[in-house]
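*Asks:* I need the structure of the sequence given here:
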Amino acid sequence: MNYKRRISASISALALFFSLVIPISNQAFVESSPPRQKLSHLSNARVNRSNLVNRSEVVNSVDKSEARNNKRTAVVTWRGGQSDHRWSNSANWVGGQVPGASDVARFAAQSKSDVDVDSIGMIAGLELEPGYRGTITLKRDLRVAGEVVIASGSFEQGSYSLSASHYSQSGGIFNGGSTKLTISGEATVNGGTLTTPSLMNAESLLIDSPGIVRMSANGKLELSGNGEPLKGSGLLDVTTHKPNSVEYTGQANVDLTAARPATQLHSIRHIARDDLPPEPESSQGQDAKTPETPESFAKLGSLTLNRGDSYLEGAAIDTAGGFAYFGAATNPGTVVKVRLSDFTRVGALVLDPGEDFLGSAAIDPIGGFAYFGTITTPARVVKVRLSNFTRVDGLTLNSGENFPRTMVIDPVGGFAYIGTNTAPGNVVKIRLSDFTRVGGLTLNTGENFLRGAGVIDTAGGFAYFGTTTSPGIVVKVRLADLARVGSLTLNTGENSLRSAVIDVAGGFAYFGTTTTTGIVVKVRLSDFTRVGALILNSGEGSFRSAVIDTAGGFAYFASYGFPSLVIKVRLSDFTRVATLTLNSGENFPRTMVIDSVGGFAYIGTNTAPGNVVKIRLSDFTRVGGLTLNTGENFLRGAGVIDTAGGFAYFGTTTSPGIVVKVRLADLARVGSLTLNTGENSLRSAVIDVAGGFAYFGTTTTTGIVVKVRLSDFTRVDALTLNEDTFLTSAVIDPAQGLAYFGTANAPGVIVKADISSGLGPKTLQFNQSSYVVTEASTSVTITVNRLGDTSSAATVDYATSDGTATERSDYITARGTLRFAPGETSKSFVVLINDDSFVEGTETFNVTLSNPTGVNLSAPPTVTVYINDNLIEPATNIIDDPQNFVRQHYHDFLNRDADPSGLAFWTNEITSCGTNQSCIQAKRINVSAAYFLSIEFQQTGYLVERMYKSA
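*Replies:* You can find the predicted model right below:
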């Protein structure tokens, strides 16, 4: 709403108020509409109501076949200008007409200059013809009822959404932005390059050579069609240094490349860049294969988890408590709880926004907590309480400590250690008692990508982390001072270590490779030497998870693929003794936990939804399967177990991460805990059972360790690291109150986190990174969350400031103080939004926190509020609408939104006049005057005026 227009209404009403004391003629104050502002802008962009076309009518009127053959009502060609590139400038179009809802916008070879799409909401089609050399940049959302055709030039999406019925690209460049690209039909790329935005939806995608579709970092491609929605001879490039995913149902025959292409992708629901099948590896130079002596086994049942309990990549087990916990690589992350006694899913814990893609986990059954790491940037560790399966905290790791893919725990010492999937790798140490990061260790150059192969010897005082290099390297880290004391380079062909187990009493650690023909490498701890390797059968490879039963004398390695296999290895003579094939759909095992006393192992799959498979150790048989809930996806290493409490906790690699609590007794999901925004992608976790907490590491740019209290399964804190990112592994030393997290960096970093004092720093942060509201007489609610110790009172001031939006014209200034009582964790306030008649695109203003007392401010202390312009603006002044007139008085006089009864009453005062203009004018004055006389205004806004008079 234009400020000058509102002041006119207020002055008229003020005059009537004083006319009650000093009689004046009402005729002198009859309200009239002042001239519209921004006339030069509106002369080209004003919408004529008589010419409006319903969106569905446009879609129906533009037949798909006609759209493809350019048989449309009107084609408007861009002429362009020397300095003015605005779409809304009619002089830039041939014929002086800006394209409307039934027009096709054409950019021919002779079209000049770039284009800023600043004032259009919908068109029938968009065509960049061969030879066009300009760049089209969105400055607002754009809807195309028909087809977008790009043969040349560039298209920059920016932060605005684009939707169309079809998309066809034969050349040029399309650069996606931070929002959505929605194609209701097929998208075809047979030339040029399309870089996807953060989310691209299409029914199907055809990529023909030389066309390239390049996935953006943290991007997602969703194909809704069945059959073969992803096809062609071109290239789908997912090579980034951050997670991205492709989701579809059906088959695909297009090449998908990360470090290398992977072809013949059939019936895969989720493809992540770090989950591609490994290339065949040579086994030359390895120790000789041992004879196969298989033991009998049988399939006795299956328990499928709920839809959304998908992609289980982290797991932990509490054998005494009777539960296993699986972390899902979903967005947000989910921890699924499975009861062991009857192998049932008893609940799932959905983590907070940002706690996505759980890829590692560890458990402290005595302390009562499990910890899950997110595969995000920044990375976070989420702490989950086992007793009530709640998220209690999230700890953000430092910048660079990203993608925690392995986690080990020292419950007695009181620390967890997280390894990151970075180059070089990092090991992050976290103290369990107060869930804080106490240190980080960056490994040497070449000691890269710590992704699940981490084990700990708390008695000896060392942790061991395997790298995913060729050949693999095992790095030895001293726990006392978080120092690297040496590394062991394995033999040629013993590549990419993604799983590991340790037999401290026996004095050996075992590392599994992700080669096509799997290799288990045996390392002696006493002198840190490689003493042998077991080469398994063809197809028994790509190990991403493993568990060990030292009392029984066996280790179990799960192959990552379909069908999935579990290989049983006897420790005494280091031989393969049996292989167990899992059921159809129980694919891509990424996390395993074991209850040696109870005699069972539990496997989490990287599927959507996730599955937890129960295996009896005594006869090596599958005895059941549990399918998790929708959204509890991608369990990728963030799993911990509380055997005494009877629960396991699994973190998901979703955004935010989710911790799912599973009761071990009956393998039932008992709940889920969704972590906070930004605590995404849990890929590592450790647990302090005695202390009662679990800690989950995120694979985010700035790593976060999230602390979860086991007793009531709540998130109690989060530790944000500095430059420590992508936490992909972790170990814990509960006795010392420290945890260590490894990062997926180059070089890797080991972060030492102090978790001894229970709660992290007292901080305030907005619950969202930004807010979006559509222009209207409405409001937007801003929420501030308090993290860490909330036992004392705290305050913080808030204030709005202009961006491209201006106060009073586009929004009402909001200033005040939020006062948190002891125990309060969130406060909210409202900012009022005004409507207007201008076509002006998306506008912004800022909200800033300042002057905190009793608490610190998280960075950044400012968020941006985006006001999206109305799709269609009225042809008349918005203040002439009775309802908007009343709403604006609530904003201006009472500083709040209208209540329904008051809005209806005062609007009826005006509309009861019908079309009698003199009656309408008098009623508008009377309604406006009523706000001056209202008790609410007299005791609030008008009180200021009376104070000035008294002074």
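
*Asks:* tell me the SS of the nearest residue to Phe726 once chain neighbours are set aside?
*Replies:* Counting by C-beta to C-beta, 6 or more residues apart in numbering, Phe726 lies nearest to Asn402, which is 2.1 Å off, once chain neighbours are set aside. In this view, the C-beta of every residue, glycine as well, is placed from N, C-alpha and C. In three-state terms, and counting by DSSP: H, G, I helix; E, B strand; the rest coil, Asn402 is coil.

*Asks:* ok, which stretches of the stretch 501-650 of the chain are strands?
*Replies:* For the stretch 501-650 of the chain, the strands defined by DSSP state E, counting those that start in this stretch occupy 508-513, 519-524, 529-535, 543-549, 554-559, 565-570, 575-581, 589-595, 600-605, 611-616, 621-627, 637-642, 647-652.

*Asks:* could you redo those strands as a markdown table and give each row distance to Pro860 and mean pLDDT?
*Replies:* Listed next are the strands of the stretch 501-650 of the chain as a markdown table, based on distance: least, C-beta to C-beta, whole Å; pLDDT from 0 to 100:
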| stretch | distance to Pro860 | mean pLDDT |
| --- | --- | --- |
| strand 508-513 | 42 | 94 |
| strand 519-524 | 45 | 95 |
| strand 529-535 | 48 | 94 |
| strand 543-549 | 37 | 88 |
| strand 554-559 | 42 | 92 |
| strand 565-570 | 47 | 92 |
| strand 575-581 | 51 | 90 |
| strand 589-595 | 34 | 81 |
| strand 600-605 | 36 | 82 |
| strand 611-616 | 39 | 82 |
| strand 621-627 | 40 | 79 |
| strand 637-642 | 28 | 80 |
| strand 647-652 | 27 | 86 |
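
*Asks:* Just say which of the ones you listed is most tucked in.
*Replies:* strand 647-652 (a mean of 54; mean count of other C-beta atoms under 10 Å).

*Asks:* orientation of it relative to strand 637-642 in degrees?
*Replies:* Interaxial angle, strand 647-652 versus strand 637-642 (axes from the mean of the first three to the mean of the last three C-alpha atoms, to 10 degrees): 170 degrees.

*Asks:* now the angle from strand 647-652 to strand 611-616?
*Replies:* Going by the same axes, to 10 degrees, strand 647-652 makes 140 degrees with strand 611-616.

*Asks:* one step back: any chance of the strands of the stretch 501-650 of the chain in JSON lines, with distance to Leu832 too?
*Replies:* Below are these laid out as JSON lines (distance: least, C-beta to C-beta, whole Å):
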{"stretch": "strand 508-513", "distance to Leu832": "59"}
{"stretch": "strand 519-524", "distance to Leu832": "65"}
{"stretch": "strand 529-535", "distance to Leu832": "68"}
{"stretch": "strand 543-549", "distance to Leu832": "52"}
{"stretch": "strand 554-559", "distance to Leu832": "56"}
{"stretch": "strand 565-570", "distance to Leu832": "60"}
{"stretch": "strand 575-581", "distance to Leu832": "63"}
{"stretch": "strand 589-595", "distance to Leu832": "48"}
{"stretch": "strand 600-605", "distance to Leu832": "48"}
{"stretch": "strand 611-616", "distance to Leu832": "49"}
{"stretch": "strand 621-627", "distance to Leu832": "47"}
{"stretch": "strand 637-642", "distance to Leu832": "42"}
{"stretch": "strand 647-652", "distance to Leu832": "38"}
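
*Asks:* Asn851: which element?
*Replies:* Following DSSP states H and E, one finds Asn851 within strand 843-853.

*Asks:* Show me what that strand is packed up against.
*Replies:* Strand 843-853 is packed against strand 763-766, strand 794-802, strand 862-868, with contacts defined by 3 or more C-beta pairs under 8 Å, 6 or more residues apart in numbering; DSSP states H and E.

*Asks:* Backbone dihedrals for Tyr910, please?
*Replies:* One thing to correct before we go on: residue 910 is Ile, not Tyr. Recorded main-chain torsions at Ile910 are phi -90, psi -50, according to degrees, to the nearest 10.

*Asks:* do the one 5 residues further on as well
*Replies:* Its backbone dihedrals place Thr915 at phi -100, psi 10, with angles given as degrees, to the nearest 10.

*Asks:* Around it, count how many other residues there are.
*Replies:* 6 (other C-beta atoms under 10 Å).

*Asks:* Likewise for Gly333?
*Replies:* Neighbours of Gly333 using other C-beta under 10 Å come to 59.

*Asks:* And for Phe343?
*Replies:* Phe343 - counted by other C-beta under 10 Å - has 27 other residues nearby.

*Asks:* Contacts only, for the nearest residue to it once chain neighbours are set aside.
*Replies:* Distance criterion C-beta to C-beta, 6+ apart; nearest residue to Phe343, sequence neighbours excluded, is Leu667 at 3.0 Å. Taking C-beta atoms under 8 Å, 6 or more residues apart in numbering, we find Leu667 in contact with 303, 324, 338-346, 602, 612, 614, 624, 626.

*Asks:* just to revisit the earlier point, tell me how far the residue nearest to Phe726 lies from Gly651.
*Replies:* Distance check for Asn402 against Gly651: by C-beta to C-beta, to the nearest Å, it reads 16 Å.

*Asks:* Ala558 now?
*Replies:* 18 Å.

*Asks:* what secondary structure does the nearest residue to Met122 once chain neighbours are set aside sit in?
*Replies:* Excluding the flanking residues, the one nearest Met122 by C-beta to C-beta, 6+ apart is Arg143, at 4.3 Å. Arg143 falls in the strand class when you classify it by three-state DSSP.

*Asks:* Arg143 against Ser165, yeah?
*Replies:* No. Contact status for Arg143 versus Ser165: not in contact, 9.9 Å apart, counting by C-beta atoms under 8 Å.

*Asks:* the more surrounded of those two?
*Replies:* Ser165 (22 against 19).
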